[in-house]
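Asker: Sequence and predicted structure, then a few things I'm wondering about:
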Amino acid sequence: MVAAWRIASVEAAKAWAGDLRHRFKVKQADREKTQQLRHARLDDNHQAELQRSEDERKQAEKARENERRRIKRAHAELKKALQTTNESVGTYTTALFINLLKGEVPPETILEEINKLDRHRLLLKELQGHPETLSGLGISINHRIKDWRDPLREDLRELAKAITSKTEEYAKVLSQHQGGS
């Protein structure tokens, strides 16, 4: 009977040790699984952070490119407005003189001059749209012209000076953007 007790106690000890080994393996597997999940979560967070920083970099680059394009368009529009303004200032005296002659001289004799007057009016009409277009590009041009059909020469000269200064300013900004890109 003592031998049976010993055999039973040895078998019980073996069962207990086997159960203990099983519990240890289960806990170890759980720890490994938890650690794998933690590492996977850290990897996912790291990947998400990398993606966020890449998206931010792309957005910043896109914003720089859009600003460069806006500056380029604004500079081109300023150059066009400056050319139109300078030409309208140059044709102002001729247009004023032809306007005076129109009533006193037959139109057939001064047809070429009438064409110059029409060109001056066309320039003024074109010039009227430039401040609005420039405003859409973020450039404010201050002027005192109220009646675009018959502006004063001084007002046209002031407008030309304002456009010249803005053109020079945007030329510098454009060269900086092209130099920095």
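Answerer: Done, it's in. In this text the structure is predicted, and so the values were computed from the model without any measurement.
Asker: Low-confidence ranges, the chain, go.
Answerer: Per-residue confidence of the chain (counting by pLDDT under 70) places the weak regions at 1, 101-103, 105-110, 179-181.
Asker: send the alpha carbons of stretch 90-105 over as CSV?
Answerer: Presented in CSV, the C-alpha positions along stretch 90-105 are these (Å, rounded to 0.1, in the frame of the first residue of the first chain):
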residue,chain,number,x,y,z
GLY,A,90,1.5,108.3,-74.2
THR,A,91,-1.7,108.5,-76.2
TYR,A,92,-3.5,110.9,-73.8
THR,A,93,-2.4,114.2,-75.4
THR,A,94,-3.1,112.9,-78.9
ALA,A,95,-6.5,111.7,-77.8
LEU,A,96,-7.3,115.0,-76.2
PHE,A,97,-6.2,116.9,-79.3
ILE,A,98,-8.2,114.7,-81.6
ASN,A,99,-11.3,115.0,-79.4
LEU,A,100,-11.0,118.8,-79.9
LEU,A,101,-10.5,118.5,-83.6
LYS,A,102,-13.4,116.1,-84.2
GLY,A,103,-16.0,118.8,-84.1
GLU,A,104,-14.1,121.3,-86.3
VAL,A,105,-12.4,119.2,-89.0
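Asker: chain center to it, what's the gap?
Answerer: Taking Cα atoms, centre = their mean, to the nearest Å, one finds stretch 90-105 lying 46 Å from the centre of the chain it belongs to.
Asker: Run through who's touching that stretch.
Answerer: The set of residues that contact stretch 90-105 without belonging to it, under Cβ atoms under 8 Å, 6 or more residues apart in numbering, is Ile110, Glu113, Ile114, Lys116, Leu117, Arg119, His120, Arg121, Leu123, Arg153, Leu156. C-beta: built from backbone N, CA, C; applies to glycine.
Asker: For the residue nearest to the second one when sequence neighbours are not counted, the count of nearby residues, please.
Answerer: The shortest distance from Glu113 to any non-neighbouring residue, by Cβ to Cβ, 6 or more residues apart in numbering, is to Ile98 (4.6 Å). Residues lying near Ile98 (other Cβ atoms under 10 Å) number 20.
Asker: Could you verify my assumption that His143 touches Pro131?
Answerer: Yes. In this structure, His143 sits in contact with Pro131. The criterion is Cβ atoms under 8 Å, and the distance is 6.7 Å.
Asker: rewinding a little: and of the contacts of stretch 90-105, the nearest to Glu65?
Answerer: Distance to Glu65, by Cβ to Cβ, is smallest for Leu123 among those, at 34.0 Å.
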